[in-house]
Structure formats: structure tokens, C-alpha cells
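[1] Sequence first, then the predicted structure, then my questions.
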Amino acid sequence: MLITLVYAHVKPECVEAFKKVSLDNAQNSVKEAGVARFDVVQQADDPTRFALIEVYRTAEAPACHRETAHYKRWREAVETLMAEPRTKATYTNLFPDENGWG
């Protein structure tokens, strides 16, 4: 498993718009064969900060995701909503393993 955490800081007046386009992206992303999980979370003490938790089944799946219409639609829509450029970090899964075991 490959996990990407995308961090977004959104302009205060754009929070609802960001949530709308991000939920559309997430709802379509979980339909992709290479996506095991796709969460959108909002920071409790600062509602302008979000994280997208993207869990992929293979190393190739993120590139496939970036070619989808829903990702391209999201990427274009969020450009003007950001208070600062988004950042990301990529991780490999240690626990549980791909079979759900420790």
C-alpha cells in the first residue's frame, strides 16, 4: 500500500467550495480499482485546513488517479481556493499489511 497525505490551507471564504469539489473527487476516487481508501478531513481547530488521505493499492495507482477526469476537475477548481500551495507527503504502509494482518 502507498499512502499520500495532501495538506490544503484554504481561504476562509472558500471553505464550502473546497469541501464540495473535494467530496466529488473523493466519491469518484473510491471507484478507481487502484484506490483502497480516500478520506477528506477538516481540521477541528482551524476549518480552513484540510487533509486528503489517499491510500493506493499499487505504486502505479497514483499516476492513474491523476489522469482521471474527476482529479483534473478537482485540481483546476481548487487553484483559486487555496490560501497557500498545497503540500503532500508519501508513505508506505507498515501495519496492517495488505492482507489486513499485523
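    Alright, I've got the coordinates. Numbering: from 1, shown residues only.
[2] Enumerate every residue touching Glu60.
    The contact partners of Glu60, by CB atoms under 8 Å, 6 or more residues apart in numbering, come to Gly34. For the C-beta atoms, the positions are set from N, CA and C on the backbone; glycine is no exception.
[3] so what's it scoring on pLDDT?
    If you check Glu60, the pLDDT there is 96.
[4] how near is it to Arg66?
    When CB to CB, to the nearest Å is applied, the distance between Glu60 and Arg66 equals 11 Å.
[5] Show me what the one helix or strand Gln27 maps to is packed up against.
    Element membership of Gln27, judged by DSSP states H and E, is helix 15-29. Secondary-structure packing of helix 15-29 (3 or more CB pairs under 8 Å, 6 or more residues apart in numbering; DSSP states H and E): strand 35-42, strand 49-56, helix 69-78.
[6] Quick one: name whatever helix or strand follows the longest one.
    It stands for helix 69-78. Trace forward from helix 69-78 with DSSP H and E and the next one is strand 82-92.
[7] Give me the angle between that following strand and strand 49-56.
    Inter-element angle recorded for strand 82-92 and strand 49-56: 30 degrees (by axes from the mean of the first three to the mean of the last three CA atoms, to 10 degrees).
[8] Can you say which of the helices and strands packed on helix 15-29 is nearest to Asn25?
    Closest of the helices and strands packed on helix 15-29 to Asn25 is helix 69-78, at 3.9 Å (criterion: CB to CB).
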